[in-house]
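J.: using only what follows, build the 3D model:
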Amino acid sequence: MNCATTDNQRAIEYYQRAGEMGDANSFYTLAVMYKNGNGVSHNPQKVAEYYTKTNDMGFSADNWDVCNH
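T.: Sure, this is the predicted structure:
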């Protein structure tokens, strides 16, 4: 078993749970992971999904993306 793969899978699960509990930053982090292919395959659909969820929670992912990159 590849520990890095397991760690990435667990991180995704935890970010997903935290986002579902109201943490917009977790959804933003997932969007960035899928955007950059960090620990996951690059997936534009997932990027859009998680940016949308972040925005729906009242935070502008576009502004965060500009500030953080």
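J.: strands along the protein, start to end?
T.: For the chain, none of the segments meets the definition of strands by DSSP state E.
J.: so in it, which helix runs the longest?
T.: For the chain, the helix with the greatest residue count under DSSP state H is helix 3-20.
J.: which strands and helices sit next to that one?
T.: Taking 3 or more C-beta pairs under 8 Å, 6 or more residues apart in numbering; DSSP states H and E as the contact definition, the neighbouring helices and strands of helix 3-20 are helix 24-36. Every C-beta, even on glycine, is put in place using the N, C-alpha and C of the backbone.
J.: so the helix it packs on versus helix 3-20, what angle?
T.: Our comparison of helix 24-36 with helix 3-20, counting by axes from the mean of the first three to the mean of the last three C-alpha atoms, to 10 degrees, yields an angle of 140 degrees.
J.: could we number from 669 for the rest of this?
T.: All right, first residue 669 from here; so that's helix 692-704.
J.: so how far is helix 692-704 off the chain centroid?
T.: Between the centre of helix 692-704 and the centre of its host chain there is 2 Å, according to C-alpha atoms, centre = their mean, to the nearest Å.
J.: by contact count, what packs against that helix?
T.: Contact analysis of helix 692-704 by 3+ C-beta pairs under 8 Å, 6+ apart lists helix 671-688, helix 712-724, helix 729-736 as its packing neighbours.
J.: mind listing what's buried in stretch 696-711?
T.: Residues of stretch 696-711 classed as buried: Tyr696, Thr697, Leu698, Ala699, Val700, Met701, Tyr702, Lys703, Val708 (neighbour count, 16 or more other C-beta atoms under 10 Å).
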